[in-house]
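# Sequence below, structure please.
(3 chains)
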Amino acid sequence: MARLSSLLYFSITVLIFLHGSTAQQFPNECQLDQLNALEPSHVLKAEAGRIEVWDHHAPQLRCSGVSFVRYIIESQGLYLPSFLNTAKLSFVAKGQGLMGRVVPGCAETFQDSSVFQPGSGSPFGEGQGQGQGFRDMHQKVEHIRSGDTIATHPGVAQWFYNNGNQPLVIVAVMDLASHQNQLDRNPRPFYLAGKNPQGQSWLHGRGQQPQNNILNGFSPEVLAQAFKIDVRTAQQLQNQQDNRGNIVRVQGPFGVIRPPLKSQRPQETEANGLEETICSARCTDNLDDPSNADVYKPQLGYISILNSYDLPILRVLRLSALRGSIRQNAMVLPQWNANANAVLYVTDGEAQIQVVNDNGDRVFDGQVSQGQLLSIPQGFSVVKRATSDQFRWIEFKTNANAQINTLAGRTSVMRGLPLEVIANGYQISLEEARRVKFNTIETTLTHSSGPASYGRPRKADA
Amino acid sequence: MARLSSLLYFSITVLIFLHGSTAQQFPNECQLDQLNALEPSHVLKAEAGRIEVWDHHAPQLRCSGVSFVRYIIESQGLYLPSFLNTAKLSFVAKGQGLMGRVVPGCAETFQDSSVFQPGSGSPFGEGQGQGQGFRDMHQKVEHIRSGDTIATHPGVAQWFYNNGNQPLVIVAVMDLASHQNQLDRNPRPFYLAGKNPQGQSWLHGRGQQPQNNILNGFSPEVLAQAFKIDVRTAQQLQNQQDNRGNIVRVQGPFGVIRPPLKSQRPQETEANGLEETICSARCTDNLDDPSNADVYKPQLGYISILNSYDLPILRVLRLSALRGSIRQNAMVLPQWNANANAVLYVTDGEAQIQVVNDNGDRVFDGQVSQGQLLSIPQGFSVVKRATSDQFRWIEFKTNANAQINTLAGRTSVMRGLPLEVIANGYQISLEEARRVKFNTIETTLTHSSGPASYGRPRKADA
Amino acid sequence: MARLSSLLYFSITVLIFLHGSTAQQFPNECQLDQLNALEPSHVLKAEAGRIEVWDHHAPQLRCSGVSFVRYIIESQGLYLPSFLNTAKLSFVAKGQGLMGRVVPGCAETFQDSSVFQPGSGSPFGEGQGQGQGFRDMHQKVEHIRSGDTIATHPGVAQWFYNNGNQPLVIVAVMDLASHQNQLDRNPRPFYLAGKNPQGQSWLHGRGQQPQNNILNGFSPEVLAQAFKIDVRTAQQLQNQQDNRGNIVRVQGPFGVIRPPLKSQRPQETEANGLEETICSARCTDNLDDPSNADVYKPQLGYISILNSYDLPILRVLRLSALRGSIRQNAMVLPQWNANANAVLYVTDGEAQIQVVNDNGDRVFDGQVSQGQLLSIPQGFSVVKRATSDQFRWIEFKTNANAQINTLAGRTSVMRGLPLEVIANGYQISLEEARRVKFNTIETTLTHSSGPASYGRPRKADA
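Residues are numbered from 1 along each chain as shown, chains lettered A, B, ... in the order given. Have a look, this model is predicted:
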């Protein structure tokens, strides 16, 4: 009996093994027969906010090769400077604040020539402002607000500060599969300051350890030598006793030099050979101004696209974004991404979405609502219909110039096919084929009859 | 006894596991000690033709990162529109036909301004032709014929129609390893119409399910809303009762607007910002005209190369092709691909081929004949000798500008080496080295003494 | 009892399997909690030198996606021509010699027009020099010396000859993870001549077989036909009886046409369409001339960088290099690579190095000395302090324009951050923050108090 069960165990072990082995030899991460609207799987709580991380091991995110994170920064919260091993595209879903990026290799600071009087030559000024007897200088600080889309290079340190009254909510996609990420396919934030007592719980084998800032890894003596400070201050830089997490509450005023100075930035800065590529490259754009929309229909909504023609830095990052906002009963015509994976994050309202895979199976058919994420792999077709007053979403795509192909409408693939192909393909008459091809004259957005009629036959509009 | 065997089982299980684990941790898919001339492993039969798929899990194809397929379309057969998750390079091996591609984001149609009278403004004309009371308009349709090489982007829908009397045979390579494919390393065709009852049998876990067209995945009601048609027609678009497969027989005439119209295409089309990249890019070239050959020797044959200098779109797709045609007793001098993997498909005749791997081992030594496929990984050396009246092949390479290095001949690596290196390397006299270096004055093609003398010593030509 | 142990075994097997399976499904090769200074793991001995290969399966090299090799070529030793499946960046650590590359597809030879008298038209001249009754012609030969950095494409054959009196030591990195390598992630040298009796011991499953040259894989008869030589000479080309390995001792003079001829190379060569990309592209640069250094401090040392702005060919290879030379007590300020992995090889002396990973853990803290290799993955911070009279190293980076971000100093990330961010992040006063930010005025190199004070608190410099 026991022997029999032993043999059973054996067989199962071997079977499991072989299955695993086969799966690994021929990875088919995109054999997706079921998609889900995803919620964050890890929450890192901090003094003045929280960081919510989606599990990048979820099959649909692994297929898309991205990871996703949401930063919720409370009023007066400061997200401490950190950098990543991946390119990142962020979207400000709510609130307003300040953002700073410190770009490696750039000129000492963008502010110094306008901050100091000519000839002063030293950062230790005459003691106006800031109460420390000198004027500060640092790299560019920008105002951010709802709708801003921010591109960040790997290795570039970035911080956020919420100077508004409501929470600042930022969502971001990290492109793990791009060659910009030269490590493995895990998101790895490197913190310059602070300490995250909960650790990088989304990484296998790192769950239990707290995540320290990178200065913590050096000996205090080395830091003292490098920064020309005393060892006690060096130890302070390691935040070992700090349990505030990576979003801390700022005590007192936050007197950084702010963007109004940006317009005063002298047009002729000294060239250091990196201007065109990195230092002066524009990295943000706002997608919430309907007057800049790429598709705008007063009754239905608008769609704005941000690709490398708008923001050339995206050519390097190989990412782009689409912002959509539609009203109740509007439908985004069925379409697929020709050359990109996409992840769709709902910022407001809710919608009924259907997604179809390469096998012609409906792999998603349901409601997505505010705060949920849906992955739409390359080639998978999707149709969206608003089921609330307003449905607004941001879609991140893993291509600097993601191309959409629609199934119906004036610029659709049906319009591009000869009638004979349609008639023979679907076994319909040329007259029916003509209706299939020409009845919908919109390109992207159209009216739907709304959720009421959903699932029940309705009269054709022809 | 039983316990002993249990332990044995255990050990074997563990060993198998460890072996598997090691192999996966250090994948060496290109440790190829044996190549084979490959035949299709899956055949999808359809009403008017068949699709033959090579197993992309075969070690040599996995090493090359490509999959391969052959479409055989009978007279009046229509290969229904489909698109892929990968870049594709196709070659028309036999026959003639029509081809249409529907490029996403392009202007409504390339034909409309020449189809309609000025001022008509509507596709519903005065009822001439086509018997439906209107003129059709659609994207570019091209004549294709034997020798045509066709580049297709991922996500771009394509159809073929055989308007000749003999079967139209098209072979195609799909580049799974390129960043153009953002899914896993499986070829995934998405069908816009039709139904494949046999399913995607080349995919693990999809073998038994039929493959539907992508419209099948949406609710008929959604389709009705999107296309502004009645639900019954929408259901028709799902081809659920259709068992014709992906190649269907066209009933009656196939009256699409044909390429002769192409020359009338107005030179000044309205710009939509995509012209240079996609919409008007030339995507086909014919490789069978000896007058355009890159190497031509009347007694021996010719070789034509198609790379991104000829067809700039290949720069994006990172693929190129080589067409060869040699006569009995001609030899292609030994060579290797410096920066690409190659797959060689025999279109006519047969040849004796030897392939050598990085270890200096002969990994292939045999006959390849019409319809067979041979993979030649980067760096592997290959020599080909025609053993039939005519040997013709197409080679697809995974680089937009694949470079060849020959071992012998006027532009060979031997010519580039100093005599002293040759003499010391092979321990031969300078006089012998001189012969090795200078005796062969051809660059690519030379006479061989043919299969009769193969394997037996022969007099040197010197 | 036995059954119990059986079950235990079972469980362990399953556990091991599951662990393995999980690890493979979610590869985290860069979960590096411990780095080591690496020494070669395989030594291939040859007649006139040896080839030392680092194990590219070591976790830190797998994370970086590179392999590393050291060639030690004795006086009058000739490293026989070979090519690789990867891009390669080499650095001459010691000695001097000659180097030849044979670039596929380039004009017949770069030397012929200057070697022959006008009108001679044939390589068989009037019997001056070389004693063989003809003049040789071949592709470019270059002098190499300590400090030279040499870029080599995949598939391009290269040879080295030591014409000095001391050993010629060359170290090289091979980029396995780049798309230039189209095979699996193993370094695969292909030899044109010679025989390596020890085989490719660094490859799993190839350890026991000798590695032959690629001519060995063809039938002698095929070679005889291809080279138009007799079969006996063809057999000689296969080096089957040769046990000298891949570095052989040259007998007698090595009379190749040397670089002084290079300056006579006619400015107007016939164009063959490849000039700009490959044939005439400069592929070497010397990094040991302090007058060309990017950072130079007389008391401390210098740092030279070679990227694609200096050597445009690196744009294609996606590699760059950094040469450093610092004196006792000098410190390279803590920094990280923003967009590249790096491997650091020590050419002279020794240093104390600390490396910090993404979790803020010190993953390396120790001495590295001459001949050792240290991998520094993307984003990992590193600080180096010379502990011998002179510390010199070469760093290879997997990006054509690798960017460094320093933690301390005039162009550091700290300088780019507003004081308020520093003060709040580290919970220090604005006055302390000011010191952290402004005390160190150097950019890259600074004084350290040396190994004596290492590990013990010291007085601050402030």
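# Tell me if residue A:80 really is in a strand.
Yes: counting by DSSP: H, G, I helix; E, B strand; the rest coil, residue A:80 is found in a strand.
# Contact partners for it?
By C-beta atoms under 8 Å, 6 or more residues apart in numbering or on different chains, the residues touching residue A:80 are A:159, A:191, A:192, A:193, A:194, A:213, A:246, A:247, A:248, C:421, C:425. From N, CA and C alone the C-beta is placed, and that goes for glycine too.
# 7 Å instead, please
Going by C-beta atoms under 7 Å, 6 or more residues apart in numbering or on different chains, residue A:80 touches A:159, A:191, A:192, A:193, A:194, A:246, A:248, C:425.
# which two in those are spaced the farthest apart?
For the contacts of residue A:80, with distances taken as C-beta to C-beta, the pair at the greatest spread is A:192 and A:248 (12.7 Å).
# Is there a neighbour count for residue A:205? I'd like the number.
Residue A:205: 12 surrounding residues under other C-beta atoms under 10 Å in any protein chain shown.
# Helix, strand, or coil at it?
At residue A:205 the chain is in coil, as set by three-state DSSP.
# From chain B, how far off is it?
Distance from residue A:205 to chain B, counting by C-beta to the nearest C-beta, to the nearest Å: 16 Å.
# Around the residue nearest to that residue when sequence neighbours are not counted, count how many other residues there are.
Closest residue in space to residue A:205, ignoring its immediate chain neighbours: residue C:31 at 5.8 Å, by C-beta to C-beta, 6 or more residues apart in numbering or on different chains. Residue C:31 is flanked by 21 other residues according to other C-beta under 10 Å.
# Just say helix, strand or coil for residue C:31.
Three-state secondary structure (criterion: three-state DSSP) places residue C:31 in coil.
# Surely it and residue A:188 touch.
No: between residue C:31 and residue A:188 there is no contact under C-beta atoms under 7 Å: 9.2 Å.
# after the strand or helix carrying residue A:334 comes which helix or strand?
Taking DSSP states H and E as the definition, residue A:334 sits inside strand A:330-337. Counting by DSSP H and E, the next helix or strand C-terminal to strand A:330-337 is strand A:342-348.
# related to what we said a few turns ago, now the strand holding residue A:334 and strand A:342-348, what's the angle there?
160 degrees (axes from the mean of the first three to the mean of the last three C-alpha atoms, to 10 degrees).
# What is strand A:330-337 packed up against?
Packing partners of strand A:330-337 (3 or more C-beta pairs under 7 Å, 6 or more residues apart in numbering or on different chains; DSSP states H and E): strand A:381-386, strand A:404-406, strand A:445-447, helix B:220-227.
# Test of understanding: give the bridge partners of residue A:72.
Going by DSSP bridges, residue A:72 is paired in beta bridges with residue A:50, residue A:169.
# mind listing what it touches?
A:49, A:50, A:52, A:167, A:169.
# Just give the nearest non-adjacent residue to the residue in the stretch 301-450 of chain A that chain B sits nearest to, would you?
Residue of the stretch 301-450 of chain A nearest chain B, by C-beta to the nearest C-beta: residue A:338 (2.4 Å). Nearest non-adjacent residue to residue A:338, counting by C-beta to C-beta, 6+ apart: residue B:155, 2.4 Å away.
# next one: residue A:245
Using C-beta to C-beta, 6+ apart, the closest residue to residue A:245 is residue A:46 (2.7 Å).
# right, and that neighbour touches residue A:249 too?
No: with contact defined as C-beta under 7 Å, residue A:46 does not reach residue A:249; the gap is 9.2 Å.
# quick one, helices of the stretch 251-400 of chain A?
Shown for the stretch 251-400 of chain A, the helices assigned by DSSP state H, counting those that start in this stretch span residues A:313-317.
# Tell me what residue A:368 is bridged to.
Under DSSP bridges, the beta-bridge partners of residue A:368 are residue A:351.
# burial measure for it, as a count.
Residues lying near residue A:368 (other C-beta under 10 Å) number 24.
# Kindly provide the distance from it to chain C.
According to C-beta to the nearest C-beta, residue A:368 stands 26 Å off from chain C.
# give me the low-pLDDT residue ranges for the stretch 101-250 of chain A?
A:105-135, A:207 (pLDDT under 70).
# 90 instead, please
By pLDDT under 90, the weakly predicted segments of the stretch 101-250 of chain A are A:101-142, A:199-209.
# swap in the stretch 351-462 of chain A?
The model of the stretch 351-462 of chain A has pLDDT under 90 over residues A:410-411, A:416, A:441-443, A:447-462.
# Strands of that one, residue ranges please.
A:362-369, A:373-376, A:381-386, A:390-397, A:404-406, A:445-447 (DSSP state E, counting those that start in this stretch).
# Tell me which of those sits nearest to residue C:314.
strand A:390-397 (30.0 Å).
# what's the angle between the closest one and strand A:330-337?
Going by the same axes, to 10 degrees, strand A:390-397 makes 10 degrees with strand A:330-337.
# Just give the strands next to strand A:390-397 in its sheet, each with its orientation.
Using DSSP bridges, strand A:390-397 pairs in its sheet with strand A:320-327 (antiparallel), strand A:342-348 (antiparallel).
# Ok, which of the ones you listed comes nearest residue C:141?
Nearest of the strands paired with strand A:390-397 (C-beta to C-beta): strand A:320-327, 48.3 Å.
# Quick one: distance of the closest one to the chain centre.
Averaging C-alpha positions (C-alpha atoms, centre = their mean, to the nearest Å) puts strand A:320-327 14 Å from its chain's average.
# Now do it, average pLDDT.
Average pLDDT, strand A:320-327: 96.
# ok, and what's touching that strand?
Outside of strand A:320-327, the residues within contact range by C-beta under 7 Å, 6+ apart are A:89, A:91, A:149, A:287-288, A:300-308, A:314, A:332, A:386, A:390-397, A:399-402, A:445.
# Quick one: buried ones out of those?
A:89, A:91, A:149, A:287-288, A:300-308, A:314, A:332, A:386, A:391-397, A:399-402, A:445 (16 or more other C-beta atoms under 10 Å in any protein chain shown).
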